[in-house]
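Peer 1: sequence-free structure coming up:
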């Protein structure tokens, strides 16, 4: 079993829909990252959070430390949101990054 | 402000050779991390450098090594290349460890 699990693996949506991507982890963490990777490989860091909730534009990330779970929400999705979204955790004692396998999102007009 | 620059962008090497990849961080950033991405294993952490010292290391064999210079630029080296080393190698810089990271475009290495 992977230490960081994401669901769903693939997601298809119509433009305007509300999207939720989930990340569950089994290790103690000091922080969690949400990353976005477009075709071609470039990665953008969306959020780094250790508690609560963060919002940036149409993106919202939440984390529940007790339940070891985080969600990334996209409101009013747009075709340009099509990408792979990756959750990564920073392990508590060793400060190492462990990545989830990613969620491939396609938003159609 | 220039972003994280990785060179070269693409590289083809043969088995048994060695390769050196370079990463220039954002000006003022002192932390550089390296990652390997393959279709089978996804993204995996290689190592992290901060102020010229290796701060952390992932679970990779000793053929993978790196260093960081006084200007924060970093290099990683892979010796005795294997077919399985074919991957996208990404580096990320941040002001200091555990702060927001900015990724380069990656170096795509193909070993034939």
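Peer 2: Cool, got the structure. Source: prediction; values computed, not measured. Residues are numbered from 1 along each chain as shown, chains lettered A, B, ... in the order given.

Peer 1: Grab the nearest non-local neighbour of the most centrally placed residue in chain B.
Peer 2: Taking C-alpha atoms, centre = their mean, the centroid of chain B lies closest to residue B:34, which sits 3.5 Å from it. Computed as C-beta to C-beta, 6 or more residues apart in numbering or on different chains, the closest residue to residue B:34 that is not its neighbour in sequence is residue B:46, at 4.0 Å. Backbone N, C-alpha and C define where each C-beta goes, glycine included.

Peer 1: now residue A:14
Peer 2: Using C-beta to C-beta, 6+ apart, the closest residue to residue A:14 is residue A:108 (5.8 Å).

Peer 1: where's the residue nearest to the centre of chain B relative to residue A:53, distance?
Peer 2: To residue A:53, residue B:34 is 31 Å away according to C-beta to C-beta, to the nearest Å.

Peer 1: Write out the residues of chain B neighbouring chain A.
Peer 2: Selection of chain B residues close to chain A by C-beta under 8 Å from any C-beta of the partner chain yields B:33, B:35, B:37, B:42-45, B:48, B:55-56, B:58, B:88, B:90, B:92, B:97-103, B:105-106, B:108.

Peer 1: In PyMOL, how would I select just the buried ones from these?
Peer 2: Here is the PyMOL command that picks out the buried ones among the residues of chain B next to chain A, judged by 16 or more other C-beta atoms under 10 Å in any protein chain shown:
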select buried, chain B and resi 33+35+37+42+43+44+45+48+56+58+88+90+92+97+101+102+103+105+106+108
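
Peer 1: from the residues of chain B next to chain A, which ones fall inside strands?
Peer 2: When those are checked against strands (DSSP state E), the matches are B:33, B:35, B:37, B:42-45, B:48, B:55-56, B:88, B:90, B:92, B:102-103, B:108.

Peer 1: Taking these together, which two end up most distant?
Peer 2: Based on C-beta to C-beta, the longest span within these runs between B:55 and B:108 and measures 26.1 Å.

Peer 1: Give me the pLDDT for residue A:1.
Peer 2: Looking at residue A:1, its pLDDT stands at 68.

Peer 1: Please disregard the earlier target; I meant residue A:41.
Peer 2: Per-residue pLDDT puts residue A:41 at 73.

Peer 1: which residues touch the closest residue to it other than its chain neighbours?
Peer 2: The shortest distance from residue A:41 to any non-neighbouring residue, by C-beta to C-beta, 6+ apart, is to residue B:106 (4.6 Å). Going by C-beta atoms under 8 Å, 6 or more residues apart in numbering or on different chains, residue B:106 touches A:41, A:42, B:6, B:9, B:37, B:88, B:89, B:90, B:91.

Peer 1: what's stretch A:37-49 in contact with?
Peer 2: Here stretch A:37-49 makes contact (C-beta under 8 Å, 6+ apart) with A:31-36, A:54, A:56, A:59, A:61, A:63, A:70, A:72, A:83-86, A:102, B:37, B:88, B:90, B:92, B:99-103, B:105-106, B:108.

Peer 1: which residues touch residue A:20?
Peer 2: With contacts defined as C-beta under 8 Å, 6+ apart, the neighbours of residue A:20 are A:71, A:72, A:73.

Peer 1: A strand includes the second one, no?
Peer 2: When you say that, I think you mean residue A:72. Yes: assessed by DSSP: H, G, I helix; E, B strand; the rest coil, residue A:72 belongs to a strand.
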